[in-house]
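> Using only what follows, build the 3D model:
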Amino acid sequence: MKPNPSEPTHTRLSEQLGEAIEERIVIGQYRPGMRLDEQILATEFGVSRTPVREALIQLATAGLVEMRPRRGAIVPKTDPARLCEMFEVMAELEALCGKLAARRISQAGLAQLIAAHQACLEAREAGDTDQYYRLNEVFHHLIYAASQNTFLADQAAALHRRLRPYRRLQLRVRNRMSASFQEHQAVVEAIQAGDGEAAAESLRAHITVQGERFADLVASLSSIAREPVSPAEGTTPDSATGL
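Model prediction:
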């Protein structure tokens with residue numbers, strides 16, 4: 001999603017910082033148990049502490065960092081089995097959103113979905129994985145909204161936010177962006193045809209990360225990871241936690 005010109009600069013900056021920090025957490029550059037010091041991060045990224053603090057609060061809300069009394073932001077441990085479980089739940093939430101959207105989407109909503117799909121095509125052809133993912137988020141959130149079930153849409157959006165760095169980074173796996181677009185095509189066609197079952201199945205398959213897909217995701221995280229060289233590595237693991 002492109003930044004809103006009317007949006008305060010510091011808000012967009014905190015979002016960009018959040019994306020950078022969450023990616024470093026996911027690839028292991030910021031390790032479990034590490035304390036993320038606001039001042040060290042501000043120095044590292046060349047910004048003031050305010051957007052860093054806002055970014056850490058956003059990440060804590062999404063469950064990507066833990067805020068602890070007198071310790072500040074701590075990188076939590078992520079269990080691969082739990083990650084698989086979250087993707088399983090995400091697949092079912094998206095499937096239900098797609099099923100309802102196929103029955104309830106308005107003409108205006110369908111037009112927006114098709115436009116978002118076309119925008120993803122342009123990003124795919126440009127080979128821009130980060131832009132593709134931003135547009136991909138728009139695409140999925142339009143489906144959540146089209147379900148016309150606000151509780152379901154809120155739950156889907158919350159888990160989507162929790163899994164965002166993993167979903168974004170898996171697009172760097174070879175040919176994954178093209179495969180993602182083709183999967184989107186099947187979703188659009190099913191919703192356009194009013195076929196709720198086909199929409200649900202297409203979205204379920206699109207989101208499910210298991211077997212070879214999960215192995216590819218893990219491999220991509222390992223390949224993206226670099227030797228820690230940032231000042232943030234000067235922070236120490238939270239010895240009181242034993243992590």
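> so where's the protein uncertain?
Under the criterion of pLDDT under 70, the regions of the chain flagged as low confidence span 1-11, 210-243.
> Show me what the helix ranked longest in the chain is packed up against.
Taking residue count as the measure and DSSP state H as the definition, the longest helix of the chain comes out as helix 80-104. Packing contacts for helix 80-104, counted by 3 or more C-beta pairs under 8 Å, 6 or more residues apart in numbering; DSSP states H and E, involve helix 129-146, helix 150-169, helix 176-192, helix 196-207, helix 212-224. No exception for glycine: its C-beta is placed from N, CA and C like everyone else's.
> Which among those is found nearest to residue 78?
Taking C-beta to C-beta as the criterion, helix 150-169 is the member of the helices and strands packed on helix 80-104 that comes nearest to residue 78, at 9.3 Å.
> how about that closest one as PDB, C-alpha atoms only?
Provided in PDB are the C-alpha atoms of helix 150-169 (Å, rounded to 0.1, in the frame of the first residue of the first chain):
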ATOM      1  CA  THR A 150     -16.700  -7.500  10.900                       C
ATOM      2  CA  PHE A 151     -15.700  -9.900  13.700                       C
ATOM      3  CA  LEU A 152     -14.200 -12.400  11.200                       C
ATOM      4  CA  ALA A 153     -12.500  -9.600   9.300                       C
ATOM      5  CA  ASP A 154     -10.900  -8.300  12.500                       C
ATOM      6  CA  GLN A 155      -9.600 -11.700  13.500                       C
ATOM      7  CA  ALA A 156      -8.200 -12.300  10.000                       C
ATOM      8  CA  ALA A 157      -6.500  -8.900  10.000                       C
ATOM      9  CA  ALA A 158      -5.000  -9.500  13.400                       C
ATOM     10  CA  LEU A 159      -3.500 -12.800  12.500                       C
ATOM     11  CA  HIS A 160      -2.400 -11.500   9.100                       C
ATOM     12  CA  ARG A 161      -0.500  -8.800  11.000                       C
ATOM     13  CA  ARG A 162       1.200 -11.400  13.200                       C
ATOM     14  CA  LEU A 163       2.300 -13.400  10.200                       C
ATOM     15  CA  ARG A 164       3.200 -10.500   8.000                       C
ATOM     16  CA  PRO A 165       7.000 -10.800   8.100                       C
ATOM     17  CA  TYR A 166       6.800 -14.500   7.200                       C
ATOM     18  CA  ARG A 167       4.400 -14.000   4.400                       C
ATOM     19  CA  ARG A 168       6.500 -11.100   3.000                       C
ATOM     20  CA  LEU A 169       9.800 -13.000   3.200                       C
END
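> buried ones in stretch 126-138?
Of all the residues in stretch 126-138, those buried under the rule 16 or more other C-beta atoms under 10 Å are 129, 131, 132, 133, 134, 135, 136, 137, 138.
> Hmm, I typed the wrong one, I wanted stretch 147-157.
Here stretch 147-157 shows 147, 148, 149, 153, 155, 156, 157 as buried, counting by 16+ other C-beta under 10 Å.
> How far does that stretch sit from its chain's centre?
Using C-alpha atoms, centre = their mean, to the nearest Å, we find the averaged C-alpha position of stretch 147-157 to lie 17 Å away from the chain's own average C-alpha position.
> Show residues contacting it.
For stretch 147-157, contacts defined as C-beta atoms under 8 Å, 6 or more residues apart in numbering pick out 90, 93-94, 96-98, 100-101, 104, 140-141, 144-145.
> And those residues, which is closest to residue 42?
Using C-beta to C-beta, residue 141 is the member of these that sits closest to residue 42, with 30.7 Å.
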